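> Sharing a model prediction with you, sequence too.
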Amino acid sequence: MNKQYVVSYEENLKNEKYSKPVKITKGAKTFLSIVLVMSVIFVLSTIYIWQLTQITRHKTEIAKSEREKKALSQDIQNLDILIAKLSSFERIKTIAEEELDMVKSTDIKYIEVPVSNE
């Protein structure tokens, strides 16, 4: 290596550029502290607002789901009533007699079926 490019630590300290530490004034420290505090407040405020937005969105979804559940429960109740009406004995008897021309039997015969004891 060329000697002209090799610089020792001591020579660097002698050089004015490296020997003087950068001094931060009290005003600059105050300014940096204020900027740091404002940045932290901004970040925390943004997170807080985002969480409030998410909570509001979830509450809206829950309310919508509850309305749908209530409507479906009402539909189920209406269908249960309809099933009860359609499966009533009187309705079935009327359809059998009027639409299917069925008649009630007057002669009932019983058949005995032997039961095996196996």
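Nice, I can see it. These numbers were taken from a predicted model, which means no experiment stands behind them. Numbering: from 1, shown residues only.

> Helix or strand next in line after the least confident helix or strand in the chain by mean pLDDT, which one?
Ranked by mean pLDDT, DSSP states H and E, the helix or strand of the chain with the weakest confidence is helix 16-19, at a mean of 54. For helix 16-19, the succeeding helix or strand toward the C-terminus, using DSSP states H and E, is helix 26-86.

> and the next element down the chain from that following helix?
Next along from helix 26-86, by DSSP H and E: helix 89-98.

> Give me the average confidence score over stretch 57-77.
Model confidence over stretch 57-77 averages 97 on the pLDDT scale.

> can you list the residues that contact it?
Outside of stretch 57-77, no residue comes within contact range by C-beta atoms under 8 Å, 6 or more residues apart in numbering. In short, each C-beta sits where N, CA and C put it, glycine included.

> CA atoms of that stretch as PDB?
Extracted as PDB, the C-alpha positions of stretch 57-77 are listed here (Å, rounded to 0.1, in the frame of the first residue of the first chain):
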ATOM      1  CA  ARG A  57     -67.400  -1.700  12.000                       C
ATOM      2  CA  HIS A  58     -67.800  -4.800  14.200                       C
ATOM      3  CA  LYS A  59     -70.700  -3.300  16.100                       C
ATOM      4  CA  THR A  60     -72.500  -2.600  12.800                       C
ATOM      5  CA  GLU A  61     -71.900  -6.200  11.600                       C
ATOM      6  CA  ILE A  62     -73.200  -7.600  14.900                       C
ATOM      7  CA  ALA A  63     -76.300  -5.400  14.700                       C
ATOM      8  CA  LYS A  64     -76.900  -6.500  11.100                       C
ATOM      9  CA  SER A  65     -76.500 -10.200  12.100                       C
ATOM     10  CA  GLU A  66     -78.900  -9.800  15.000                       C
ATOM     11  CA  ARG A  67     -81.500  -8.300  12.600                       C
ATOM     12  CA  GLU A  68     -81.000 -11.200  10.200                       C
ATOM     13  CA  LYS A  69     -81.300 -13.700  13.100                       C
ATOM     14  CA  LYS A  70     -84.500 -12.100  14.300                       C
ATOM     15  CA  ALA A  71     -86.000 -12.200  10.800                       C
ATOM     16  CA  LEU A  72     -85.000 -15.900  10.400                       C
ATOM     17  CA  SER A  73     -86.500 -16.700  13.700                       C
ATOM     18  CA  GLN A  74     -89.800 -15.100  12.600                       C
ATOM     19  CA  ASP A  75     -89.600 -17.100   9.400                       C
ATOM     20  CA  ILE A  76     -89.100 -20.300  11.300                       C
ATOM     21  CA  GLN A  77     -92.000 -19.500  13.600                       C
END
